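**Q** quick one, fold the following:
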Amino acid sequence: MYHQRLVKRRISHFQVSPDPEGPGCCAMLLAMFSLLLIIATMPISLCMCIKVVQEYERAVIFRLGRLRKGGAKGPGIFFVLPCIDSYKKVDLRTVSFDVPPQEVLSRDSVTVTVDAVVYYRVSNPTMATNNVEDYSHSTHLLGATTLRNVL
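**A** Residues are numbered from 1 along each chain as shown. The predicted structure follows:
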């Protein structure tokens, strides 16, 4: 019995709870104002609100700087509130690039020029946009560093 309570306590400790603050009253007012603007300028605003993401892309949407619930959207059509929402498209296709040639000094004091090709694919677009400023550039630098360190 004691063991079951201890396991339940541990499990409940790791559950993710919703944001205690939630959207503030200012955020709600901005959202309502944005919706009123969309309704007032209906034909024109639809061109700015409806976005399309291709099969190989996902869109990570931020509302007032915070990540929206549900993670990345796509493929297909999604709705963006102008002036409140911003989004970033992430390509899920495999990307390849050449690592610039590196001159490495081997153990027997011989200079060797080595180059490489790196392939990478984004598997989680939300983590790619939120945890790394520029995941593509970071992967380029990591490929060059790894090539230098291996030899």
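**Q** which residue ranges of this protein form helices?
**A** According to DSSP state H, the chain carries its helices in the segments 2-13, 25-40, 42-49, 125-131, 135-150.
**Q** what packs against the last one?
**A** With contacts defined as 3 or more Cβ pairs under 8 Å, 6 or more residues apart in numbering; DSSP states H and E, the secondary structure elements packing on helix 135-150 are strand 95-105, strand 111-120. Glycine gets a C-beta too; all of them are placed from N, C-alpha and C.
**Q** excluding chain neighbours, give the residue nearest to the residue nearest the centre of the chain in space.
**A** Compute the mean C-alpha point of the chain, and by Cα atoms, centre = their mean the closest residue is T129, 2.6 Å away. Distance criterion Cβ to Cβ, 6 or more residues apart in numbering; nearest residue to T129, sequence neighbours excluded, is V60 at 4.7 Å.
**Q** partners of the one you found in the sheet?
**A** K88 (DSSP bridges).
**Q** all numbers from here: first residue = 30
**A** With the count now opening at 30, the last piece we talked about shows up as V89.
**Q** that one and D114 touch, don't they?
**A** No: counting by Cβ atoms under 8 Å, V89 sits too far from D114 to count as a contact (10.9 Å).
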